[in-house]
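K.L.:
Structural data only, the sequence is not supplied:
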């Protein structure tokens with residue numbers, strides 16, 4: 001039986017390139033594509049893939065939050081991050097979200113195929129490049145604690161922050177998350193207090209710096 005893959009990346013050309021390469025593998029089938037995190041969560045629920053190959057920087061909902069939701073709704077689904085981000089914060093948070101693998105986008109296709117088969121066999125896969133980066137960073141972090149958006153804010157607060165940073169109105173965010181406008185206003189106030197950031201412009205800059213969204 002083929003390994004069923006859902007591709008999640010906001011760049012169509014990347015999805016098409018990966019699909020073309022994967023479809024040459026006799027034991028792998030691409031069953032769907034998504035260009036943002038929220039669509040990824042929805043399609044994962046509908047299609048029940050074996051593995052989601054997930055970018056991190058995606059609009060509407062980033063890959064870390066999407067991975068967390070995909071895995072929480074079906075723990076049998078595996079997630080492999082395929083990202084430009086080599087910073088250990090992204091790797092750690094993706095693994096904390098439940099991802100089984102992490103590769104950089106400049107990896108060879110053969111490595112992605114190996115990662116897919118490794119993860120499908122219920123093992124984890126980190127590319128050698130990521131392992132080296134994490135080990136080097138870990139040596140420098142042993143004596144200090146690094147606070148990031150992922151440790152300072154709750155999952156829902158991060159979701160709201162991303163949507164704020166992407167220019168969504170309070171009404172739009174409330175509709176997207178199926179809550180009241182007042183609830184979103186409360187979240188926004190909590191976010192500002194926790195981060196000690198009190199303007200939308202500075203919140204947007206912070207969200208981009210922390211990798212929740214991109215320009």
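P.N.:
Arrived safely, thanks for sending. Keep in mind that what you see is a predicted model, and the values were worked out from it rather than measured. Numbering: from 1, shown residues only.
K.L.:
residues near residue 98, how many?
P.N.:
By other C-beta atoms under 10 Å, the residues close to residue 98 number 17. In this view, the C-beta of every residue, glycine as well, is placed from N, C-alpha and C.
K.L.:
Quick check: closest non-adjacent residue to it.
P.N.:
residue 71 (3.8 Å; C-beta to C-beta, 6 or more residues apart in numbering).
K.L.:
Report the buried residues of the helix or strand encompassing that neighbour.
P.N.:
Per DSSP states H and E: residue 71 is located in helix 63-73. Buried residues in helix 63-73, counted by 16 or more other C-beta atoms under 10 Å: 63-71.
K.L.:
ok, then the element right after the helix or strand bottoming out on mean pLDDT in the chain?
P.N.:
Sorting the helices and strands of the chain by mean pLDDT, DSSP states H and E puts helix 128-141 at the bottom, at a mean of 74. Remark: after helix 128-141, the chain's next helix or strand is helix 149-152, criterion DSSP H and E.
K.L.:
So what are the structural domains in this protein, by residue number?
P.N.:
Listed by automatic domain parsing, the domain ranges of the chain are 3-140, 149-209.
K.L.:
among these, which is the most enclosed?
P.N.:
Most buried of the domains of the chain by mean neighbour count (mean count of other C-beta atoms under 10 Å) is domain 3-140; its value is a mean of 19.
K.L.:
Might one say that residue 90 is in contact with residue 56?
P.N.:
Yes: applying C-beta atoms under 8 Å as the test, residue 90 and residue 56 come out as touching, 5.9 Å apart.
K.L.:
Overlap of the contact sets of these two?
P.N.:
Contact criterion C-beta atoms under 8 Å, 6 or more residues apart in numbering; residues bridging residue 90 and residue 56 by contacting each: 64, 81, 83, 211.
K.L.:
From residue 172, how far out is the third one?
P.N.:
Residue 83 sits 27 Å away from residue 172, going by C-beta to C-beta, to the nearest Å.
K.L.:
Next: the last one.
P.N.:
Using C-beta to C-beta, one obtains 22 Å as the distance from residue 211 to residue 172.
K.L.:
Per-residue pLDDT of the residue positioned nearest the centre of the chain, please?
P.N.:
Closest residue to the average C-alpha location of the chain: residue 63 at 1.6 Å, with C-alpha atoms, centre = their mean. Residue 63 carries a pLDDT value of 96.
K.L.:
if you skip the residues just before and after it, what's nearest to it?
P.N.:
Nearest to residue 63 is residue 56, by C-beta to C-beta, 6+ apart, at 3.9 Å.
K.L.:
Doesn't that neighbour lie inside a strand?
P.N.:
No: if the criterion is DSSP: H, G, I helix; E, B strand; the rest coil, then residue 56 is coil and not within a strand.
K.L.:
my guess is it contacts residue 211, does it?
P.N.:
Yes: the criterion here is C-beta under 8 Å, and residue 56 meets it with residue 211 at 6.7 Å.
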